[in-house]
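Student: Everything below, folded, please.
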Amino acid sequence: MTNPPFKFATPGPGRRAAVPVRCDGGWRSLVLPGLAFLLLAAAAAGQPAVINGDAVRPFFDLAKTMRVDMVGIGDSNQLQRSNGWDEGWHKALERRYGIYATGVVSFGEASGGGAGSGFGYESMPSIVNGGFAYNGAPASADAYLNSFSSGLVPLNYLYVPSGQSVATRSIVGFLLRDNSQLPLNGPLRFHFSYGLFSGSGAGSFQPFMRYESHPFDTVFTGPVVTTRTGDASAFRVATGSISLTASAARTRGFSLRPAPMSGGVVGPFIGYYVRCESQTRQTGAAMNTLYARGSQSLRDVAAALQASSDQTLSLFFSSVRATQGETKAVLIRINSGLNDRSETEASIARGFLPGSSAAAYEDNLQFIISKIRGTWAQNGWPADELYFLLTPSHPVAEPDENGLRGYRSRAEAVALANPRTCAIRLDKLTNAPEMLANIWYQLNGFDRNHLTDDAYFALAERELLSIVRPSCVSDFNSDGGVDGQDVAEFFGSWTDGDFIADVNNDGGVDGRDVGSFFDQWSISAC
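Tutor: Numbering: from 1, shown residues only. Prediction:
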């Protein structure tokens, strides 16, 4: 392990509906799954579910040939009950592309409480251990994850002041669960970042791994790592990594801790981020959460980003990009709207009032995009590796509320005004009656602001499918022509059982889809 200085340089379940279609001179009733019906109805009304989809489709195409990362920004729905859109997108990405790594999570997540970022992994609730702090580090260290001042919930560092030590006798660290989407018995590599304080003297930790179910056997014990620079150089961020070879015996969840159970962490110590990657999966996606806080509007998100230092945002996105290959791609998904309806403060950039207006929503949304793009520019990262997916909140009524409709219209305008940016109309992918019928709202419909686990997954899949499904079946690879490459692309998806090959929209991938595809391909129908 080294201590180098850190450098910045498928349609879901739903109703079926009978739709009249013209066929052979007569009218017939065609039964479509919920998603297909809603997309057809939206198109008929001149209101597509996807706005500027071609702008972000390359991101998802890249997931087939390289590693890509999504980053979620939202309110309580992003991590609702430790699930939310974060878990829904984990599952949707796994089903279509495979998961190559966990997301980037902070060691002291949610001030030690653990917010539940991730699916099959988590930052353990270190507050149970006692002794650790989650703010109050020196300004030079605080700048790299200053959640106390910037409010980037649930991000927090894990801190031990100079002159103190904390015994790691209880829960602390990063846990890969039994249901991890990564192969627990395969070759894995853990990455983590921590601080190096000026001077020499006390300050250390010792990476340690153990199983978190009986028997609690040791998986790995690393060398003691100093948290001192050893000279008068200024504070800096360091990175470490631990590689595990494949082991058929490693079939249970295990944790990465900052010290063995019988040991402890000696201050000064500050731990920032941790993640784990599969060493064999060179393609696929990973899902991360940058902001997830209940009762927060887009203005609150914008204010948190505005208060965040350049070091804070650079360290987070550097950690996201670090496990990708030479070519990188990151997509930011922004989901908000429900809390914006009660926002009273003026928008961040241009001061629009009332704060609940569609104009204020648009202003805050554009500020968030511009702020993150500014981080890219400051670090000299290629602008064309950054994408945005704007998804205003799910529908809560039928017809949907005027406020949410206004936010969706403004999100469309922002998508069209920015490169590599797409907007999704969730009200065109579902509606309140379907959500009630499927029990997709919390508390059996009494809480329409929050969704069930099934809903987050089903709607994430619909959202993904609405972007990547070709608008013209004949031109299956969406290259603008109808030729043999479309046949090869279709059969590749069909052989894999990919739900994108369900071209007849009957909810399954089978021989009937082959017939439907060739019927349209042979006449170049679109």
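
Student: Checking the nearest residue to residue 56 once chain neighbours are set aside next. Helix, strand or coil?
Tutor: Setting aside the residues directly before and after it, residue 56 is nearest to residue 422 in space (C-beta to C-beta, 6 or more residues apart in numbering), at 4.2 Å. Just so you know, the C-beta spots here come from the backbone N, C-alpha and C atoms, and that holds for glycine as well. Assigned by DSSP: H, G, I helix; E, B strand; the rest coil, the conformation of residue 422 is strand.

Student: Could you pull up the residues touching residue 422?
Tutor: Taking C-beta atoms under 8 Å, 6 or more residues apart in numbering, we find residue 422 in contact with 50-53, 55-56, 387-390, 415, 467.

Student: Distance-wise, check it relative to residue 399.
Tutor: Applying C-beta to C-beta, to the nearest Å, the value for residue 422 to residue 399 is 24 Å.

Student: about what we covered before: what's across from the residue nearest to residue 56 in the sheet?
Tutor: Beta bridges link residue 422 to residue 389, judged by DSSP bridges.

Student: got a pLDDT number for it?
Tutor: At residue 422, the model reports a pLDDT of 98.

Student: same check, this time on the one 10 residues further on
Tutor: At residue 432, the pLDDT value in this model is 97.

Student: what do you get for residue 7?
Tutor: Reading off the model, residue 7 has pLDDT 29.

Student: Could you do the one 10 residues further on as well?
Tutor: At residue 17, the pLDDT value in this model is 35.

Student: Repeat that for residue 152.
Tutor: We have a pLDDT of 93 for residue 152.

Student: How is it assigned, secondary-structure-wise?
Tutor: Counting by three-state DSSP, the backbone at residue 152 sits in coil.

Student: I'd assumed residue 290 was in contact with it.
Tutor: Yes: Residue 152 sits in contact with residue 290 when judged by C-beta atoms under 8 Å, with a separation of 6.7 Å.

Student: So which of these two has more stuff around it?
Tutor: Remark: of residue 152 and residue 290, residue 290 carries more neighbours, 28 against 25, as counted by other C-beta atoms under 10 Å.

Student: Surely that one forms part of a helix?
Tutor: No: per three-state DSSP, residue 290 lies outside any helix segment and is strand.

Student: Now do the contacts for it.
Tutor: By C-beta under 8 Å, 6+ apart, residue 290 lies in contact with 71-73, 152, 155, 316, 332.

Student: Give me the below-cutoff pLDDT ranges for the stretch 251-400 of the chain.
Tutor: Applying pLDDT under 70 to the stretch 251-400 of the chain flags no residue at all.

Student: which residues in it form helices?
Tutor: For the stretch 251-400 of the chain, the helices defined by DSSP state H, counting those that start in this stretch cover 298-307, 310-321, 358-379.

Student: circling back to that earlier point, would you mind measuring from the residue nearest to residue 56 to residue 483?
Tutor: For residue 422, the distance to residue 483 equals 27 Å [C-beta to C-beta].

Student: wait, residue 441 sits on residue 433?
Tutor: No: applying C-beta under 8 Å as the test, residue 441 and residue 433 come out as separate, 11.3 Å apart.

Student: Between the two, which is the more surrounded one?
Tutor: Neighbours were counted for residue 441 and for residue 433 using other C-beta under 10 Å; residue 441 has more, 20 against 11.

Student: quick one, what contacts the more buried one?
Tutor: Residues near residue 441 by C-beta under 8 Å, 6+ apart: 435, 447-448, 450-452, 455.

Student: what about residue 217, how many neighbours?
Tutor: Residue 217: 12 neighbours (other C-beta under 10 Å).

Student: Where does the prediction get shaky in the stretch 1-150 of the chain?
Tutor: 1-47.

Student: where do the helices sit along it?
Tutor: Counting by DSSP H, counting those that start in this stretch, the stretch 1-150 of the chain has helices at residues 34-44, 57-62, 84-96, 139-142, 147-150.

Student: Most tightly packed of these?
Tutor: helix 84-96 (a mean of 24; mean count of other C-beta atoms under 10 Å).

Student: residues making contact with it?
Tutor: Here helix 84-96 has contacts from 10, 63, 70, 72, 74, 76-79, 99, 103, 116-120, 181, 284-287, 289, 292, 333, 335, 451, 453, 455-461, 463-464, 468, 498-499, using C-beta under 8 Å, 6+ apart.

Student: same thing but at 6 Å, please
Tutor: Defining contact as C-beta atoms under 6 Å, 6 or more residues apart in numbering, one finds that helix 84-96 is touched by 72, 77-79, 119, 181, 285, 287, 289, 335, 456-457, 460-461, 464.
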